[in-house]
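> Using only what follows, build the 3D model:
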Amino acid sequence: MFIIGIEFKFSRIGSIWKVIIFGGIFQIVCMIASGYVLSRFMGYSLLNSLLLGMIGSISSTMIVVKILTERRELEQLHSRIMIGLLIVQDLAVVIMVCFIINFESIMSGNIVNFTKVPGMSILTVTAIIFIGRKLLPKG
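Model prediction:
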């Protein structure tokens, strides 16, 4: 899933970056909130409700790109927006995983672990982008 993001040329998003960033974050937050509320309504625990919300907020980048490629729409504006949104979702997975790893200690009131989540996320995303741009073969 990250390979598409690594191969994606950021220069191609040009004037649509605001739609991608804010739209992606808005979509993720709305889906997590919807999944959380529905799961809590059905009697799931706090952690399970958050997990279900997070799962519901993520789409399959590979499937969408494959469909767009088959339809020869990869260069269209709507496709660039979709791919950008999917990359935002892929990067959000890193934050979600860091949150899940530290969920128990965060819930126990350990503020150090709460502040560790953004730090771990930023380091991981930076490492992924660096590896993709500098170390993986181009082609």
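
> C-alpha only now, for contacts and for neighbours.
Will do.

> middle-most residue in the protein, spatially?
Centroid-nearest residue in the chain: Q89, 2.2 Å away (criterion: Cα atoms, centre = their mean).

> confidence score at it?
pLDDT recorded at Q89 is 88.

> Excluding chain neighbours, what is closest to P118?
In space, and not counting its chain neighbours, P118 is closest to I95: 7.0 Å by Cα to Cα, 6 or more residues apart in numbering.

> For the most far-flung residue of the chain relative to its centre, give its distance to I100.
Relative to the centre of the chain, the most outlying C-alpha is that of G43, 26.6 Å out, by Cα atoms, centre = their mean. Computed as Cα to Cα, to the nearest Å, the G43 to I100 distance reads 20 Å.

> Over to L91?
From L91 to I100 the distance is 15 Å (Cα to Cα).

> same thing with T69?
34 Å.

> Kindly report the same for I122.
Counting by Cα to Cα, the gap from I122 to I100 is 15 Å.

> cool, and R133?
From R133 over to I100 (counting by Cα to Cα), the distance is 28 Å.

> Any regions of this structure where pLDDT drops low?
The chain contains residues with pLDDT under 70 at 1-13, 111, 113-114, 136-139.

> And the helices in the chain?
Assigned by DSSP state H, the helices in the chain fall at 2-7, 17-41, 46-56, 61-70, 77-101, 103-107, 111-130.

> elements contacting the third one?
Helices and strands touching helix 46-56, as assessed by 3 or more Cα pairs under 8 Å, 6 or more residues apart in numbering; DSSP states H and E, comprise helix 17-41.

> Might you quantify the distance of the helix it packs on from its chain's geometric centre?
11 Å (Cα atoms, centre = their mean, to the nearest Å).

> What are the buried residues along that helix?
17, 20-21, 23-25, 27-28, 31-37, 39-40 (16 or more other Cα atoms under 10 Å).

> and if you look at stretch 100-107?
So, applying 16+ other Cα under 10 Å, buried residues of stretch 100-107: N102, F103, I106.
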